[in-house]
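build me a structure from this.
(2 chains)
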Protein chains: 2
Amino acid sequence: MQPVLAELLTIGDEILYGQIVDTNSQWMSSVLSEAGIRVIRKTSVGDREDEILTALAEAEQRADVILITGGLGPTNDDLTKPCLVKYFNSRLTMNEEALAEVTAFFKSRGRELTELNRQQAALPANCTKITNALGTAPGMWFHERGRVFVSMPGVPHEMKRMMKETIIPKLQQTFSLPVIHHLMIRTVGIGESFLADKIKPWEKKLPPHIKLAYLPSLGEVKLRLTGTGSSKEVLQQETEKLAKELEPLAGEYIYGYGGDPLEVVIGQLLRSRKLTLSIAESCTGGYLSHLITSVPGSSDYFLGSMIPYAYEIKMRQLGVKPETLEKYGAVSEPTIHEMANIVRAKFNTDIGVATSGIAGPGGATLEKPVGQIWIAYSDKHKTVTRKLQISNDRMINIRMASMAVLNLIRLNLPPA
Amino acid sequence: MQPVLAELLTIGDEILYGQIVDTNSQWMSSVLSEAGIRVIRKTSVGDREDEILTALAEAEQRADVILITGGLGPTNDDLTKPCLVKYFNSRLTMNEEALAEVTAFFKSRGRELTELNRQQAALPANCTKITNALGTAPGMWFHERGRVFVSMPGVPHEMKRMMKETIIPKLQQTFSLPVIHHLMIRTVGIGESFLADKIKPWEKKLPPHIKLAYLPSLGEVKLRLTGTGSSKEVLQQETEKLAKELEPLAGEYIYGYGGDPLEVVIGQLLRSRKLTLSIAESCTGGYLSHLITSVPGSSDYFLGSMIPYAYEIKMRQLGVKPETLEKYGAVSEPTIHEMANIVRAKFNTDIGVATSGIAGPGGATLEKPVGQIWIAYSDKHKTVTRKLQISNDRMINIRMASMAVLNLIRLNLPPA
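As a prediction, this is how the structure comes out:
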């Protein structure tokens, strides 16, 4: 089976001039790749007719599917639609269904349809309209000379909805695509190269139709298994069996499978075990609480935090003993130990966690360099502390220390 | 003067398969644009020789400068260097200076130079080496057939250092570039279309050599003036004069000029006026404190926060009166009023601010829909409250409410 090849074409001066980061094409690439379509090129051009027409002609030579985003706004500097009309030697006709949709869209927002927006429903005669559930510019599907061209708005949530609901299913109907299955294995608490070393024997035995990708980001490493074959069920069984075989080698680092990040997994653990959490965070300055509360429904298990940034607040508000602070300093094991225990008692929760360290760039001493961060976990059975030495970068220190606390919760939470 | 045209070429399967977001090309575009070079196209291809060679030949037809990133690692799947050798019909020779640099790089990290890494110092005979201060793969500068080709590593901080220190200066020497001057005007507290309406008379009078761009993001709108001419000083005076003329129309929304975001500007105001800040944040869950503490040195003015997420913590830890909570609820003007005053008193700071609302998606009632958020500011002279109605999206609500609090501080801070 010949692979189906795709090219992504992004239209708009704002991308060429660096005014926005193009996150659309990363999202589209991963969705296409999951559907078994190979992206061979990405091209961005500005709002100029000659450059758009050239890029379309070049893409048609290389790819089976050309996915175009951007340039569909109602104003004169949006050129995608007139260029497609010219490229296919077609003409604009009012699409009554699109007109009804854009009229309803304006009505639902209590606004009148302007003439400019009415013109958004005029589409090239040779295209199939794609409904835009979240905006005013319809998508367009062209099937010409054995190629599929799709034009979508550049607004991310409008494009994503169209891709998921209409375009991927239509591509699956149009082409005979290989069956692809992905399994994401999520790890925390180990760096990429150490993990690679540990799982080398397992990686060597992977069958040729199942590929492994390392996807590292700040504080975690994701492993993605991608199987290609003819049966979704078989691939699912094969990848799950491989994931099981990984557990003896790296099980302690695996916190989940699939799409949920660590803060969501921690939330599920706390909710299912009916445990509550409070936080005393100093050097992480609110970021750890933000991670926890970024999860909808986190008020089920998270009761609150104290951010005792200043020395006096650590003493007077949180209640760390002045002797401890004076003798050992704020960045020390005795202080972090007290912080986790005190916040748990004060806030009357099952679990208390704490952070204190030198986020940098200032504040370092000879014994306590930038990046030295103490973290602690406390429940009614035990208190666990860890000393981290992370980096010279403030944001990296804040992010990595927060991820390390989430991992400490995962590793120490009492069983259900 | 003919504009100098650039094309960006990104090489690597990880971009085509959607494993990483390409933030390099956005950064490069904005730096080139500031230097007066017009980016006309961005292209991404995979790690395949034929595709790389084709993309190079196409770019040479269109652009004066071709900037290539990626594919410079030491392993066999990194093809950029062999492709450049083939493209220019050149050959690899060991570059002694590059070898000394890569050897020193390994030595400084206490590691032995491997043969694979030694080979990174072998460069095409027709190129000028560009020092990589932060990594092992040197950059390469080719000046052939009237075009400049530059190859750089894909690692963002390595690429950025090379661009700033070597490539932009070399491009300025090689080409006669127009003088460009940018002035960024930063606004908060008004949406893009309302701002556009207010400043229309000013915008209409802009001279043709000074362009205006609207750069909206969550919670703020930046206005960028870009002047093109022959004297940096004249352009600077012209744009500053225009910025002054904007103040009668929109001065209350302008919080700064240049690169500093709102949390940095607030920090500068607090530090220069010797004022301290504490926060009681409920629905923003730590994000507001994180914004404040993301600024290095924020411990000079930020003393601490309480995140009273649960009802009991609002009462028992923060100290909101049970009668207030029972009568008006947590999301109400009397409660937010108390929260800001109490945290200021408890933490003994000059300023206290507070947030309480329905971040969503759950928690709404008939009178209190998702996105309803109360914020408050308190100092010894006054307490100010605001009711916001933001959106249905949890993260947008958290971000916009936090920005609104920063703006409330800006507007109410007692003068120095």
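
tell me the mean pLDDT for stretch A:263-276?
Averaged over stretch A:263-276, pLDDT sits at 98.

can you dump the C-alpha coordinates of it into PDB?
Extracted as PDB, the C-alpha positions of stretch A:263-276 are listed here (Å, rounded to 0.1, in the frame of the first residue of the first chain):
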ATOM      1  CA  GLU A 263      -1.800  16.800  37.800                       C
ATOM      2  CA  VAL A 264      -4.900  15.100  36.500                       C
ATOM      3  CA  VAL A 265      -3.600  11.700  37.500                       C
ATOM      4  CA  ILE A 266      -2.800  13.000  41.000                       C
ATOM      5  CA  GLY A 267      -6.300  14.500  41.200                       C
ATOM      6  CA  GLN A 268      -7.900  11.100  40.200                       C
ATOM      7  CA  LEU A 269      -5.800   9.300  42.900                       C
ATOM      8  CA  LEU A 270      -6.900  11.800  45.600                       C
ATOM      9  CA  ARG A 271     -10.500  11.700  44.600                       C
ATOM     10  CA  SER A 272     -10.800   8.000  44.400                       C
ATOM     11  CA  ARG A 273      -9.100   7.500  47.800                       C
ATOM     12  CA  LYS A 274     -11.200  10.300  49.300                       C
ATOM     13  CA  LEU A 275      -8.100  12.200  50.500                       C
ATOM     14  CA  THR A 276      -7.700  16.000  50.800                       C
END
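
just after the one helix or strand in chain A whose mean pLDDT sits lowest, pick out the following helix or strand.
Every helix and strand of chain A was ranked by mean pLDDT, DSSP states H and E. The lowest is helix A:115-118, at a mean of 84. As assigned by DSSP states H and E, the chain's next helix or strand after helix A:115-118 is strand A:122-124.

how far does that next one sit from its chain's centre?
35 Å (C-alpha atoms, centre = their mean, to the nearest Å).

for that strand, which helices and strands make contact with it?
Counting contacts by 3 or more C-beta pairs under 8 Å, 6 or more residues apart in numbering or on different chains; DSSP states H and E, strand A:122-124 packs against helix A:80-87, strand A:92-94, strand A:139-144. Using the backbone N, CA and C atoms, a C-beta is placed for each residue, glycine as well.

for A:Ala121, find the nearest of these.
Counting by C-beta to C-beta, A:Ala121 lies closest to strand A:92-94 out of the helices and strands packed on strand A:122-124; the figure is 6.1 Å.

can you list the strands that the closest one pairs with?
strand A:122-124 (antiparallel) (DSSP bridges).

list the buried residues for the helix or strand following the strand it pairs with?
Going down the chain from strand A:122-124, the next helix or strand is strand A:128-130, by DSSP H and E. By neighbour count on 16 or more other C-beta atoms under 10 Å in any protein chain shown, the buried set for strand A:128-130 is A:Lys129, A:Ile130.

packing partners of strand A:128-130?
Strand A:128-130 makes packing contacts with strand A:139-144 when contacts are defined by 3+ C-beta pairs under 8 Å, 6+ apart.

what mean pLDDT does the strand it packs on get?
Strand A:139-144 carries an average pLDDT of 98.

just stretch A:390-398 next, same as before
Across stretch A:390-398, the average pLDDT comes to 91.

I'd like to know which elements the least confident helix or strand of chain A is packed against.
Helix A:115-118 packs on helix A:96-108, going by 3+ C-beta pairs under 8 Å, 6+ apart.

show me the shaky parts of the stretch 1-150 of chain A.
Within the stretch 1-150 of chain A, the stretches with pLDDT under 70 are A:1.

shouldn't A:Lys327 be within a helix?
Yes. Counting by DSSP: H, G, I helix; E, B strand; the rest coil, A:Lys327 is found in a helix.

wait, what's in contact with it?
The contact partners of A:Lys327, taken as C-beta atoms under 8 Å, 6 or more residues apart in numbering or on different chains, are A:Pro334.

could I get the buried residue list for the least confident helix or strand of chain A?
Those would be A:Asn117, A:Arg118, for helix A:115-118 by 16+ other C-beta under 10 Å.

pretty sure A:Met395 is touching B:Thr293, no?
No. The pair A:Met395 / B:Thr293 is not scored as a contact, 10.6 Å apart, by C-beta atoms under 8 Å.

so these two - more neighbours on which side?
B:Thr293 (28 against 14; other C-beta atoms under 10 Å in any protein chain shown).

please name the nearest non-neighbouring residue to the more buried one.
If the residues on either side of it in the chain are set aside, B:Thr293 comes closest to A:Gly285, at 2.8 Å by C-beta to C-beta, 6 or more residues apart in numbering or on different chains.
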